[in-house]
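# just the structure for this:
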Amino acid sequence: MRYYIIAGEASGDLHGSNLIKEIYKLDSNAKIKAWGGDKMQSAGAKIVKHYKKLSFMGFYEVFKNLNTILKNIKFCKKDILNFNPDKIIFIDYPGFNMRIAKWAKKNKFNTNYYIAPQIWAWNEKRINNIRDNIDNLYVILPFEKKYFERKHNFPVKFLGHPLLDSIEEFKKHEAKDFFEKHKLNNQKKIISILPGSRKQEIKKILRVMLEVIENFPKYQFVIAGAPSINLEFYQDIIKNKNVSVIKNETYALLSNSRAALVTSGTATLEASVFKIPQVVCYKTSFISYFLAKIFVKIKFISLVNLIMDEEIIKELIQSKCSKQNIIKELKKVLDLKKRNNLMSKYDELISLLGSSGSSRRVAKDIVLK
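Take a look at the predicted model:
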């Protein structure tokens, strides 16, 4: 069969790559075109557009790049028609993907949405678009199944969180010489910094994260560099700060860390599965934050706290994300007693995410249906 997959971010590229590997195991003659990244390409997909050219974060940023987005939508529709896939698979990236899904359904394509739009956070009316245009919806957060089926009477499938597959695969091949490989001081424990994968969010948050380094002389700080961003970009921000940047090895970095400073998003879950105490640090433009306060209706911004329905990791948002507050909260998570209390919460969280093998289960459901 022919599959057309659309992912617009680094996390979608990761989960899409695992899905593609499983599709090929089930359908050895599969032909796959995709919007994604290097990981999806390595898994065997022909990449149409790279996600680093697609990702715009925040209300204002989307508005500013609206012309580019509209051109991409037009191109995508034409490319789908030319390829004529048996199945279209949308991975997250809802602003773009739901527009394509509406068009695709009108043109009688089979539509599968993997990693559902977070309508529980904002613009709940999108359920009508989902109901009308999505044939199969796969959710990855445990509370989403109850939300869609009980509140909106729309059947969905929760087959586990794909993050567990990615981390399990990493652990099978984990190298043991991380400190030596990157010329790090093996006498100092690492505090990792995960400032996001988009330039605009990194510019907002990384500088304030770096300000705390001098207050933790017993530790070494290491930035998890995003795959799509060159080292020069980080160096312009780092200047003379005593910090390293390691690209494309986030899991190896986390597995060797004592604590982490993390932006919101999938990174909070990744740190939690590795059982790394963390502080969530988040800043965006004033306009985007103002609009989010009006439209986004959630208690927390981190997936960890949303799944657990309580603040088990501290969230420092906008004005609260200051040097003083980061120092205060980071000292707390480095405390042994606090760490021990957090581990039991992380165990509970991991059990809620389901078991590994979710990519295989989703691929089987899509391919063999």
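# show me what contacts the closest residue in space to K33 that isn't next to it in sequence?
Leaving aside its chain neighbours, K33 sits nearest to K46 (5.0 Å; criterion: CB to CB, 6 or more residues apart in numbering). All C-beta spots, glycine's among them, are computed from the backbone N, C-alpha and C. K46 sits next to I32, K33, A34 when contact means CB atoms under 8 Å, 6 or more residues apart in numbering.
# tell me how far K46 lies from I100.
To I100, K46 is 18 Å away according to CB to CB, to the nearest Å.
# helices along the stretch 201-350 of the chain, start to end?
In the stretch 201-350 of the chain, the segments counted as helices under DSSP state H, counting those that start in this stretch are 231-238, 250-255, 266-273, 286-295, 303-308, 323-334, 336-352.
# tell me what the second one is packed against?
In other words, helix 250-255. Under the contact criterion of 3 or more CB pairs under 8 Å, 6 or more residues apart in numbering; DSSP states H and E, helix 250-255 touches helix 163-172, helix 178-181, strand 189-194, strand 219-225, helix 266-273.
# what residues of the first one count as buried?
When you say that, I think you mean helix 163-172. Under the neighbour-count criterion of 16 or more other CB atoms under 10 Å, helix 163-172 has L163, L164, D165, S166, I167, F170 buried.
# which one of these is nearest I229?
Using CB to CB, S166 is the member of the buried residues of helix 163-172 that sits closest to I229, with 20.1 Å.
# what sits against that closest one?
L14, H15, N18, Y251.
# adding neighbour count and pLDDT, write those residues out as a markdown table.
What follows is the contacts of S166, written out as a markdown table (neighbours: other CB atoms under 10 Å; pLDDT from 0 to 100):
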| residue | neighbour count | pLDDT |
| --- | --- | --- |
| L14 | 24 | 89 |
| H15 | 29 | 93 |
| N18 | 22 | 94 |
| Y251 | 18 | 95 |
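# in helices, which of those fall?
L14, H15, N18, Y251 (DSSP state H).
# out of the residues you listed, who's nearest F90?
Taking the ones in helices among the contacts of S166 together and measuring to F90 by CB to CB, the closest member is H15, at 11.9 Å.
# hang on, that closest one packs against V362?
No. Contact criterion CB atoms under 8 Å: H15 and V362 do not qualify, at 9.3 Å.
# residues bridging contact with the two, i.e. touching both?
Joint contacts of H15 and V362 (CB under 8 Å, 6+ apart) are Y114, P162.
# with just CA atoms, put stretch 271-287 into PDB.
Output in PDB follows, covering the C-alpha atoms of stretch 271-287 (Å, rounded to 0.1, in the frame of the first residue of the first chain):
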ATOM      1  CA  ALA A 271      12.900  13.400  31.600                       C
ATOM      2  CA  SER A 272      10.200  11.700  33.800                       C
ATOM      3  CA  VAL A 273      10.600   8.300  32.100                       C
ATOM      4  CA  PHE A 274      14.300   8.500  32.800                       C
ATOM      5  CA  LYS A 275      13.300   9.500  36.300                       C
ATOM      6  CA  ILE A 276      15.200  12.800  36.200                       C
ATOM      7  CA  PRO A 277      14.000  15.500  38.700                       C
ATOM      8  CA  GLN A 278      13.200  18.600  36.700                       C
ATOM      9  CA  VAL A 279      12.000  22.200  36.700                       C
ATOM     10  CA  VAL A 280       9.800  23.300  33.900                       C
ATOM     11  CA  CYS A 281      10.800  26.800  32.600                       C
ATOM     12  CA  TYR A 282       8.600  28.500  30.000                       C
ATOM     13  CA  LYS A 283       8.600  31.900  28.300                       C
ATOM     14  CA  THR A 284       7.000  33.100  25.100                       C
ATOM     15  CA  SER A 285       6.200  36.400  23.500                       C
ATOM     16  CA  PHE A 286       3.900  38.700  25.400                       C
ATOM     17  CA  ILE A 287       1.200  38.500  22.600                       C
END
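# give me the buried positions along that stretch.
Buried residues in stretch 271-287 (16+ other CB under 10 Å): 271-285.
# in stretch 106-125, which residues are buried?
109-120, 122.
# again with stretch 136-154
So stretch 136-154, judged by 16+ other CB under 10 Å, has buried residues N136, L137, Y138, V139, I140, L141, P142, E144, K145, Y147, F148, H152.
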